[in-house]
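Take a look and give me a structure for this.
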Amino acid sequence: MRVALEELTSRVTASGPDNLPKIILLNGNEPLLLEEALDQLRDQLRQFGFTERLTYQLETGFDWGNLTGLGQAMSLFAERRLIELRVPRSLGAPGTKAITEYCNNPPQDDLLVLIMPAMDKRQRQAKWAKLVESCGWIADGYEISNQQFPGWLKQRLQSRSLRVEPGVVEMLADKLEGNVLAAAQEVDKLQVLASDGAVTLKLVSDSLADQARFDVYALSDACLLGDSPRAVRIKNRLQSEGLEPVIVAWALVREIRTLAQISHALSIGGNKSALFKQHRIWSRRAPIIDSALQRLDSHACFELLLQAAHLDQSIKGQRSVEVGTVWHQIECLCHSLCGQQLVKHAS
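Model prediction:
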């Protein structure tokens, strides 16, 4: 059975101690949300009699007999045991075999919890994952998008019984964008500072540092979505952090090349769905690419490629920078990718 990560505890509570699955897989790319869900799960299971907890970390040389031999190893301290296994990347062949054996013959009084990064499409279709889903639960934790972030912040503030002044959520979202851990820490800090439970703009302004976590992928997405002000803000942040311009240029050029190839193929009658599949653009990212394709035709993409080539030459010192510094050229490329007037240069 598949469940949402945030619904896991209520599902466990509703099932009761006698109807729990033998295996639960937690997966997601937000460590804070995974750890909070795991803490809540532990608390609930403790009430159900799982007072002994065994923890393992999958690493080189891990002995999978720790799991496959659980049925023969009786608990010394409790009738029921919680076994946690953290998987940094993937199970590997020995791991899939061990998990399959565990699912086919689980210990009577134990519950195995796997904690791992978000599963990709290939992992979800694997036989071992299908087996886990059929005999246990897979709890999916999704990344919080920019659009979801304000709502998540508001809900978290309310869960701490905090009353917020209009504009507080927007300010927090702007300063903490993309950093779930920092946002959670900020809410906890506000809970302490707001002795009467009232969170004002002044209180937030006084306590909040700009902790927005940006990277080159966030910059690319902002440009593809045509959000020029946000793109410039991210670019300024990357520049202030000392990121090498070549890394930023690489990320932008990669997206431009993809757009150019798809746009050209569409102009000669190509099928968009097939092209997206060919270029490994999956469903969650498709709307972002589609937004750019609606603004930029094949000619515009050619101009972007030319502009990107000039930027590459400037970074390598093969071209004078009469049009401005490298970072200025990056900003111009961002504006162009956002769909503003393209900057043309003589070749």
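
Contacts for stretch 81-89, please.
38, 42, 45, 50, 52-59, 67, 70, 75, 95, 107, 109-117 (CB atoms under 8 Å, 6 or more residues apart in numbering). The way it works is simple: take the backbone N, C-alpha and C, and place the C-beta from them, glycine included.

Are any of those buried, and if so which?
38, 45, 50, 52, 54, 56, 58, 67, 70, 95, 107, 109-117 (16 or more other CB atoms under 10 Å).

quick one: which of these sit in strands?
52, 54, 56, 110-116 (DSSP state E).

Quickly check these for the two that are furthest apart.
Spatial extent of those (CB to CB) is set by the pair 52 and 116 at 22.7 Å.

And for residue 245, the neighbour number?
Other residues lying near residue 245 total 17 when counted by other CB atoms under 10 Å.

what's the spacing between it and residue 96?
43 Å (CB to CB, to the nearest Å).

circling back: same list (the ones in strands among the buried ones among the contacts of stretch 81-89) but as a markdown table, adding pLDDT and distance to residue 16.
Shown next, in a markdown table, are these (pLDDT from 0 to 100; distance: CB to CB, whole Å):
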| residue | pLDDT | distance to residue 16 |
| --- | --- | --- |
| 52 | 89 | 20 |
| 54 | 91 | 23 |
| 56 | 92 | 27 |
| 110 | 91 | 17 |
| 111 | 94 | 13 |
| 112 | 95 | 19 |
| 113 | 97 | 18 |
| 114 | 96 | 22 |
| 115 | 96 | 23 |
| 116 | 94 | 27 |
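
residues contacting the nearest residue to residue 243 once chain neighbours are set aside?
Closest residue to residue 243 apart from its sequence neighbours, by CB to CB, 6 or more residues apart in numbering: residue 216 at 7.6 Å. When contacts are counted by CB under 8 Å, 6+ apart, residue 216 touches 238, 243, 247-248, 250-252.

of those, buried ones?
Burial by neighbour count, judged by 16+ other CB under 10 Å, picks out 238, 243, 248, 251-252 from those.

What ranges in the stretch 151-300 of the chain fall below the confidence cut-off?
Scanning the stretch 151-300 of the chain for pLDDT under 70 picks out the ranges 209-213.

quick one on the thing from earlier: from the ones in strands among the buried ones among the contacts of stretch 81-89, which is closest to residue 194?
Checking those one by one against residue 194 (CB to CB), the nearest turns out to be residue 115, at 33.2 Å.
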